[in-house]
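Q: Need coordinates for the below:
(one chain, ligands or ions: 1)
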Amino acid sequence: MNRCFFSQLLTLGAGLFAARSTGATDTDDRAELTDPAHSAAPSDLPVTVSDFIAQAATRLPRASFEYVTTGSEDEVTLRDNVEAFRRIRVLPPLLHGVSTTDLSTTVLGQKISMPVLLAPVAALRMLHPQGVLASARAAASANTICAASSSALNGVEEIAQASDGPKWLQLYVPRQRAVAQRLVARAEAAGFSAIVVTVDLGERKDADLRNRFTVPKDMLLKHLQDIGYTHLTDRSSHMDLIEFNAAAWDISLNMDFFKWLRGLTRLPILLKGVLSADAARQAVDLGLNGIVVSNHGGRRLDGMPASIDVLSDVVQAVDGEIEILMDGGIRRGGDVMKALALGAKAVMIGRPQAWALAAGGEKGVRRVLDILRDELTNAMIASGCSSVEAVNSSLLRT
Ligand SMILES: Cc1cc2nc3c(=O)[nH]c(=O)nc-3n(C[C@H](O)[C@H](O)[C@H](O)COP(=O)(O)O)c2cc1C
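A: Coordinates of the predicted model:
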């Protein structure tokens, strides 16, 4: 995978890219990444995030690959998320005397080895049989946090059993409040340490419409049962389940919901989908514990700004009162450093995780985290930063 191909993929939205479809089976353990020591083709070992894209494309059915890779409508926001990082230049001091660096940091009181978390990604079990279970294990072995999507297609107890590393649950809110309440209580009991509520809702992507992308019946049934809709059975048709699913989620959340949730759990609550100073202040006023500056990876309303472009406004508005994470467009360790320099406590990765999972299961996700760790280490040493606290906006020329 070269950078030209990668940018073409983003520019064309993968619509013209003919993915070789092999499909995924339940017993398929595709977790072996090619190791140069045992391979005639050393170049197969991914060395950049974008190397995983071609591997994911060969492993996945086209519809699943495009579900992950594409954005909404004309993909303006998707492209901008990536390109906005390229527009920011770094100007390190000379003769800084730094030769090692410490990437560890603390997010919501949790010490982690580096400021990169796994973002919530839906339908991971369609990309690899181990799905979010593999992601959670990879995050644990890298000593970072896995924010598991409530739509990843595994139940909270399964995820908790898979890994004892730090885990957050990202919540899409069941319309039936009793189901939502039980789900939050189950997550708390299972050992999840924060709830992320995503508020940029409603996904409508051209590629998914063309491909008639759907979750297979058995996975959808299990998913709805895992959420707490235990009355559903195999007797329902696939179409019935699709219709039930479409109506099962609350897409009209308002402030009252957060007051209700705050009274329900002692877990920290993060609001995901913040792009403005006003929204950030609302989160602070609601007594929430953190914000994820995010446009959902350009999968929601096309034309929204790149996350990195609005980060400074949010940081200024919050003025240190709660923690700020960001996601969208992180493809290099240097991007992580730029986000830290603009005031993020840490970043999250969505597509890089999904591509790596499809390419190599748990080992793939672990490798993508290691690649970002190595690139960030290199960027910080080159910039004279011996710790993440030392990264600040004086490094940047915007
Ligand atoms: C395939 C896919 C599924 C996603 N599913 C969810 C989800 O279930 N919940 C959520 O809050 N965000 C979801 N996101 C958004 C990510 O959490 C994250 O905001 C975004 O991917 C960051 O941009 P990036 O892909 O450039 O890293 C999804 C993203 C992708 C690519």
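Q: When you work out contacts or count neighbours from here on, use the C-alpha atoms and nothing else.
A: Noted.
Q: Residues touching whichever strand or helix holds Ala189, excluding its own?
A: Assigned by DSSP states H and E, Ala189 belongs to helix 177-190. Contacts of helix 177-190 with the rest of the structure, by CA atoms under 8 Å, 6 or more residues apart in numbering, involve 156-157, 160, 169, 173-174, 195, 227-229, 264-265, 267.
Q: Residues in contact with the next helix or strand after it: which ones?
A: Beyond helix 177-190 on the C-terminal side, the first helix or strand identified by DSSP H and E is strand 195-198. For strand 195-198, contacts defined as CA under 8 Å, 6+ apart pick out 147, 168-173, 184, 267-273.
Q: can strand 195-198 be found next to the ligand?
A: Yes. Remark: strand 195-198 sits within contact range of the ligand at Thr198, by CA under 6 Å from any ligand atom.
Q: could I get that strand in PDB with only the CA atoms?
A: Written as PDB, here are the backbone C-alpha positions of strand 195-198 (Å, rounded to 0.1, in the frame of the first residue of the first chain):
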ATOM      1  CA  ILE A 195     -19.800   5.300  29.700                       C
ATOM      2  CA  VAL A 196     -19.400   7.100  26.400                       C
ATOM      3  CA  VAL A 197     -22.600   8.500  25.000                       C
ATOM      4  CA  THR A 198     -22.500   9.200  21.300                       C
END
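Q: Which other helices and strands does the next helix-or-strand element following it contact?
A: Of the helices and strands lying after strand 195-198 in sequence (DSSP H and E), the nearest is helix 206-210. Using 3 or more CA pairs under 8 Å, 6 or more residues apart in numbering; DSSP states H and E as the contact criterion, the neighbours of helix 206-210 among helices and strands are helix 62-69.
Q: Which positions in the helix or strand that comes right after the helix it packs on come out as buried?
A: Counting by DSSP H and E, the element after helix 62-69 in chain order, helix or strand, is helix 76-87. Taking 16 or more other CA atoms under 10 Å as the neighbour-count basis, helix 76-87 is seen to contain the buried residues Val76, Thr77, Leu78, Arg79, Asp80, Asn81, Val82, Ala84, Phe85.
Q: Adding distance to the ligand and pLDDT, write the residues you listed out as CSV.
A: Shown next, in CSV, are these (distance: CA to the nearest ligand atom, whole Å; pLDDT from 0 to 100):
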residue, distance to the ligand, pLDDT
Val76, 13, 98
Thr77, 10, 98
Leu78, 7, 98
Arg79, 9, 98
Asp80, 10, 98
Asn81, 7, 98
Val82, 7, 98
Ala84, 12, 98
Phe85, 11, 98
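Q: State the pair within those that is farthest apart.
A: Within those, Val76 and Phe85 form the most distant pair, 14.5 Å apart (CA to CA).
Q: What parts of the stretch 201-350 of the chain come near the ligand?
A: Contact residues of the stretch 201-350 of the chain with respect to the ligand, defined by CA under 6 Å from any ligand atom, are listed as Ser294, His296, Gly297, Asp327, Gly328, Gly329, Ile330, Ile349, Gly350.
Q: could you list every residue that touches the nearest residue to the first one once chain neighbours are set aside?
A: The spatial neighbour of Ser294 that comes closest, neighbours along the chain excluded (CA to CA, 6 or more residues apart in numbering), is Gly273 at 4.6 Å. With contacts defined as CA under 8 Å, 6+ apart, Gly273 is in contact with Thr198, Val199, Asp200, Ile291, Val292, Val293, Ser294, Asn295, His296.
Q: same thing but 10 Å
A: Taking CA atoms under 10 Å, 6 or more residues apart in numbering as the definition of contact, the neighbours of Gly273 are 197-201, 279-280, 291-297, 307, 326-327.
Q: Provide the strand pairings for the helix or strand hosting it, with the direction of each partner.
A: When secondary structure is defined using DSSP H and E, the element that contains Gly273 is strand 269-274. Strand 269-274 has these partner strands in its sheet, going by DSSP bridges: strand 195-198 (parallel), strand 290-293 (parallel).
Q: Angles on the backbone of the spatially most central residue of the chain, please.
A: Centroid check for the chain by CA atoms, centre = their mean gives Ala119 as the closest residue, at 2.2 Å. Note on Ala119: its backbone torsions stand at phi -80, psi 160 [degrees, to the nearest 10].
Q: so what's it up against?
A: 135, 145-149, 168, 170, 296, 326-328, 347-354.
Q: cool, and Val121?
A: Taking CA under 10 Å, 6+ apart as the definition of contact, the neighbours of Val121 are 68, 131-132, 147-153, 170, 296, 349-351, 353-354.
Q: Got the confidence number for it?
A: In this prediction, Val121 carries a pLDDT score of 98.
Q: follow-up on the earlier one: which parts of the helix holding Ala189 are buried?
A: In terms of neighbour count (16+ other CA under 10 Å), helix 177-190 has its buried residues at Val179, Ala180, Gln181, Leu183, Val184, Arg186, Ala187, Glu188, Ala190.
Q: Format those residues as CSV; extra columns: pLDDT.
A: CSV is the format used below for the buried residues of helix 177-190 (pLDDT from 0 to 100):
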residue, pLDDT
Val179, 98
Ala180, 98
Gln181, 98
Leu183, 98
Val184, 98
Arg186, 98
Ala187, 98
Glu188, 98
Ala190, 98
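Q: Beyond the lowest-mean-pLDDT helix or strand in the chain, next helix or strand please.
A: In the chain, no helix or strand scores lower on mean pLDDT, DSSP states H and E than helix 3-12, which sits at a mean of 28. Moving toward the C-terminus from helix 3-12, the first helix or strand encountered (DSSP H and E) is helix 51-59.
Q: and that next one, what does it pack onto?
A: In terms of contacts (3 or more CA pairs under 10 Å, 6 or more residues apart in numbering; DSSP states H and E), helix 51-59 is packed against helix 3-12, helix 62-69, helix 351-382.
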